[in-house]
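Colleague: all I have is the shape, not the residue letters:
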């Protein structure tokens, strides 16, 4: 039951993210996906955050695509891999918006 109470503020917090915070989440997810660490990760993050937004910015995504990106960012933050990531993503995507 305590987990249910924690989930709502996290969802509300995600809605309040600035474009820069969203970009940081996306860059972080990419860096984690590439397995970057140390100086290599720092360099990648710096370049990624300086880069202009891609043509398909989050503003252009459908609500489902935005939700998938948010769930993916959260999974990356939790460093989930394999079956744990699949299970988390399935649960996250089923949650009501």
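Modeller: Structure's in. What do you need? What you are looking at is a predicted structure, and each value in this text was computed from that prediction instead of being measured.
Colleague: need the next SSE after whatever helix or strand residue 29 lives in, C-terminal direction.
Modeller: Per DSSP states H and E, residue 29 falls inside helix 19-33. Using DSSP H and E, the helix or strand that directly follows helix 19-33 along the chain is helix 38-50.
Colleague: in terms of secondary structure, what does that next one contact?
Modeller: If contacts are counted by 3 or more C-beta pairs under 8 Å, 6 or more residues apart in numbering; DSSP states H and E, helix 38-50 sits against helix 19-33. From N, CA and C alone the C-beta is placed, and that goes for glycine too.
Colleague: so for stretch 25-43, what's the average pLDDT?
Modeller: Stretch 25-43 carries an average pLDDT of 89.
Colleague: ends of it, how far apart?
Modeller: 16 Å (C-alpha to C-alpha, to the nearest Å).
Colleague: likewise stretch 72-83?
Modeller: End to end - C-alpha to C-alpha - stretch 72-83 spans 14 Å.
Colleague: what does stretch 68-86 give?
Modeller: Span of stretch 68-86 from end to end, C-alpha to C-alpha: 12 Å.
Colleague: give me the below-cutoff pLDDT ranges for the protein.
Modeller: Residue ranges of the chain with pLDDT under 70: 1-15, 52-59, 96-97.
Colleague: assign the residue nearest the centre of it to helix, strand or coil.
Modeller: The centre of the chain sits closest to residue 73, judged by C-alpha atoms, centre = their mean, with a distance of 1.6 Å. Under the three-state scheme (DSSP: H, G, I helix; E, B strand; the rest coil), residue 73 adopts helix.
Colleague: and what of residue 79?
Modeller: coil.
Colleague: which residue packs closest to it, ignoring adjacent ones?
Modeller: Leaving out its chain neighbours, the residue that sits closest to residue 79 by C-beta to C-beta, 6 or more residues apart in numbering is residue 32, at 7.2 Å.
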